[in-house]
Every structure is written in structure tokens, then in C-alpha cells.
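**Student:** Next come a sequence and a model predicted from it.
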Amino acid sequence: MNLHPTLILSALKKVRYPGTGKNLVEMGMIGDDMRIVGNKVSFSIVFEKPNDPFMKSVVKAAETAILTYIDPGINIKGNITAITKQVPQAEPENYLSEVKNIIAVSSGKGGVGKSTIAANLAVALANLGYKVGLLDADIYGPSQPKMFDMEDVRPTMEVRNGKEGIVPVEKYGVKLLSIGFFVDKKNALMWRGTMASNALKQLIADAHWDELDYFVIDLPPGTSDIHLTLVQTLAITGAIVVTTPQEVALADARKGIDLFTSDKVNVPVLGLVENMAYFTPAELPENKYYLFGKDGGKRLSEEMHVPLLGEIPIVQSICKSGDNGKPVATDTSTLTGLAFQQLAQNVVEQVDYRNAHGEASRRVKVRKP
């Protein structure tokens, strides 16, 4: 039998891509590199994604179809190559074009005080005279409305320059938006990943953030669709990873740093913040008690080659202030207020250094209050 491409394509029409009802030829999945030399056939099958779950089974089915419908003596085994379609990448939309620096505050696990760090960092930056925005990107567990005593506030809509958008609420010099402003605080939010990502995009793209020096994003703990949505949507200046001194928290922080520095994400890590670093009684301000271990953040900082931006003490006033809706950073005369003010100054230093040198690896000296 003389082989020619028509016979091969006829056999491949018997192979349907799972879930579509269409065959490989109809879907345009057969590459234009088909070669026939004697009884040896080789060609490529083109897939949309490199991690297509049906890749191996489709290649095997194509091989079987040719041997079944043409000639079992054809040399086809191992000559079908699976390749990924090269889809031109669309230019990202110019979200937050008036924002100078976007800072993502992250943690490898919950319970380390990430939202507290994000809220107080935003307030401390505002205290330094910067224009600051804060986005609560923790879609399933928004806490910023509580921390700013704004749970019953509902943002308004306004038309500016012909575009209707959400007006962020403002307190302590910080512009704030959270999904918590739009849902019942008593009910759990049961959204699939796509719905959550789309809601987050709306809070970014459909809001009047205006000019900002710093846009702080309070990310959900761990890794999720939200993280990928943000790094694909925004040009993030850098990430801050929050941990506590315990080994279990440090292990998760290590993974968080790896996430941002991976090839797929490629976001600079501005530094590490160790929360609950030590306890100081109000009546003995010179005493420090390391309840959860000492220098865990410092060791991780040195191991991962990222700056240690701050060590925040564990003080009851931090929790009380968050519950009462007044972040401790609003009062710079307190131990914790000073700690967050120093953290904000270190963050500004790191951002300025990165913007000037295209990197974020400069060491900063952590000044303990």
C-alpha cells in the first residue's frame, strides 16, 4: 500500500478529543510537519496547554487508529510528537496606572497576623505622608473592614471622566476596599475560584483608586487562584512575607518565598516580617520574652537571602486595637506603633532601592523598639 497524507488524515478523523465530540482533524490539532518515508510516518499533534490531561491518551489513540484503519505494518510508534500551541500573549491591561508601587503582603499559613501587618503597614505609610491604598484580597475571610471599624460601611459608585466606578472608603489616611463591604458578614462566602478572581479584578479595575504612592494588598494565606490572578493582572513591585518564630510557620514562609521567586510568578520579595517576635510587659518595657522562639525570622532571612524588614512584638494592644477598629500604628508613641513606623520606613527603603537598582536584595538593619 502506498501511503499518503490523505489516508493518515482519514484514520485520524476516527479519533475524537475527549469532551468535545470533534475529531483531531476537525479541531486542527494535526501539525503541518507530517512526513512519510516508505512505511514510516511521523507528525505532531498540537495541544492548547502543556499540561493537557488527555495528551498521552490522545497520542496513543492516534497511533492505534493509524494501525487499525490503514496497515498494522506501518512504523508509527514513537513518531507522533505532542507539542503545545504557541498562543500570542495579550498585553496586560493597564490597571492602577496612577499607582507608583504595589506591595503584596502574604503568608504561607493563616494565623500569623498577616492582615494585622497589612493594615498597620498601610496606616504607618500614610503617617509618613504617602498616599496609600489597601485592598483586602482575602475574598473568603475579609478582615480589614473589622480592623478599620467599617463593617457597616457600603462604598458608593461615582462617574469620573466618563467611567463609573467604586469609590474606596477612607480612614486614617488609607483608601480601602474589601469584598467584606459587599457581602453579609454573618454568612460564609461560597464561591468557586473563578468567581472569586473576577470579584477581585472588579475591586481593582472598577474602582477610583486615583493617584497612590503605595497600594498594599492583603493576600489570602497560602497559595491560590487569587495569587495567580494578581500577578497576572498587576505589575507588583514586591512581596512581603509574614511569619512567626515557630518552625512550622517558618517552613510555610519558606514556601511562600519560593512561590514569589519561582519562574511562573517572578515577583521580587522585598523582605520578611517576623510577627509575635517577643513579648514585652507594659510595666517592664525593657524586658523581652521570646515565647515562640528567638531569631527564627533572622535565620530564615539569612537562609533565603531576603531582608528582615521588621520584628513586631506580641502585645495585647495590637489585638485590642484591631478588634476595636483602630490599628496600633495610628499611635506612634507606643512600643508597637514605633515598631510599625520602623517597618514602614524599611519598606520604603527597600522599594526605593529596588526601583533604583532593579532588585530587592539590599539588607536593612532592623531597629528594635
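**Tutor:** That came through fine. Numbering: from 1, shown residues only.

**Student:** where are the low-confidence patches of the stretch 201-350 of the chain?
**Tutor:** The model of the stretch 201-350 of the chain has pLDDT under 70 over residues 223-225, 285, 316-323.

**Student:** To clarify, my last question referred to the stretch 51-200 of the chain.
**Tutor:** 71-73, 76-78, 86-94, 186-193.

**Student:** which stretches of it form helices?
**Tutor:** Ranges of helices in the stretch 51-200 of the chain, per DSSP state H, counting those that start in this stretch, are 55-69, 114-127, 144-147, 193-205.

**Student:** tell me the most buried of those?
**Tutor:** By mean neighbour count, with neighbours taken as mean count of other C-beta atoms under 10 Å, helix 114-127 ranks first of those at a mean of 27. In short, each C-beta sits where N, CA and C put it, glycine included.

**Student:** Identify whichever of the helices of the stretch 51-200 of the chain lies nearest to Pro281.
**Tutor:** helix 114-127 (20.1 Å; C-beta to C-beta).

**Student:** Just the C-alphas of the longest helix along the chain, formatted as PDB.
**Tutor:** Using DSSP state H to assign secondary structure, the helix with the most residues in the chain is helix 335-357. Taking Å, rounded to 0.1, in the frame of the first residue of the first chain, the C-alpha atoms of helix 335-357 are listed here in PDB:
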ATOM      1  CA  LEU A 335       6.000  50.400  71.500                       C
ATOM      2  CA  THR A 336       4.100  48.700  68.700                       C
ATOM      3  CA  GLY A 337       3.300  52.000  67.000                       C
ATOM      4  CA  LEU A 338       7.000  52.600  66.800                       C
ATOM      5  CA  ALA A 339       7.700  49.100  65.500                       C
ATOM      6  CA  PHE A 340       5.200  49.600  62.600                       C
ATOM      7  CA  GLN A 341       6.600  53.000  61.800                       C
ATOM      8  CA  GLN A 342      10.100  51.500  61.600                       C
ATOM      9  CA  LEU A 343       8.700  48.700  59.400                       C
ATOM     10  CA  ALA A 344       7.100  51.200  57.000                       C
ATOM     11  CA  GLN A 345      10.400  53.100  56.800                       C
ATOM     12  CA  ASN A 346      12.300  49.900  56.000                       C
ATOM     13  CA  VAL A 347       9.700  49.000  53.300                       C
ATOM     14  CA  VAL A 348      10.100  52.400  51.700                       C
ATOM     15  CA  GLU A 349      13.900  52.000  51.800                       C
ATOM     16  CA  GLN A 350      13.700  48.600  50.100                       C
ATOM     17  CA  VAL A 351      11.200  49.800  47.400                       C
ATOM     18  CA  ASP A 352      13.400  52.900  46.700                       C
ATOM     19  CA  TYR A 353      16.500  50.700  46.400                       C
ATOM     20  CA  ARG A 354      14.700  48.200  44.100                       C
ATOM     21  CA  ASN A 355      13.400  51.000  41.900                       C
ATOM     22  CA  ALA A 356      16.900  52.500  41.600                       C
ATOM     23  CA  HIS A 357      18.800  49.300  41.100                       C
END
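
**Student:** Of all the residues in that helix, which ones are buried?
**Tutor:** Neighbour counts over helix 335-357 (16 or more other C-beta atoms under 10 Å) mark 335-351, 353-354 as buried.

**Student:** Just the CA trace of stretch 242-254, in PDB.
**Tutor:** Taking Å, rounded to 0.1, in the frame of the first residue of the first chain, the C-alpha atoms of stretch 242-254 are listed here in PDB:
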ATOM      1  CA  VAL A 242       4.900  37.400  57.200                       C
ATOM      2  CA  THR A 243       5.800  34.700  59.600                       C
ATOM      3  CA  THR A 244       6.100  34.000  63.400                       C
ATOM      4  CA  PRO A 245       9.200  32.500  65.100                       C
ATOM      5  CA  GLN A 246       7.800  28.900  65.300                       C
ATOM      6  CA  GLU A 247       9.400  26.300  63.000                       C
ATOM      7  CA  VAL A 248       6.100  25.300  61.400                       C
ATOM      8  CA  ALA A 249       5.400  28.900  60.400                       C
ATOM      9  CA  LEU A 250       8.900  29.400  59.100                       C
ATOM     10  CA  ALA A 251       8.500  26.300  57.000                       C
ATOM     11  CA  ASP A 252       5.400  27.800  55.300                       C
ATOM     12  CA  ALA A 253       7.100  31.200  55.000                       C
ATOM     13  CA  ARG A 254       9.900  29.500  53.100                       C
END
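
**Student:** List the residues that contact Phe54.
**Tutor:** Tyr17, Pro18 (C-beta atoms under 8 Å, 6 or more residues apart in numbering).

**Student:** how close does the residue nearest to the spatial centre of the chain sit to Val347?
**Tutor:** Centroid-nearest residue in the chain, with C-alpha atoms, centre = their mean: His227, separated by 2.1 Å. Look at His227 and Val347: by C-beta to C-beta, to the nearest Å, they are 20 Å apart.

**Student:** can I assume Glu164 is in contact with Thr156?
**Tutor:** No - contact criterion C-beta atoms under 8 Å: Glu164 and Thr156 do not qualify, at 10.7 Å.

**Student:** How many residues are close by Arg264?
**Tutor:** Quick fix: residue 264 is Lys, not Arg. Lys264 has 8 neighbours, counted by other C-beta atoms under 10 Å.

**Student:** can you tell me the helix or strand for it?
**Tutor:** Using DSSP states H and E, Lys264 sits within no helix or strand.
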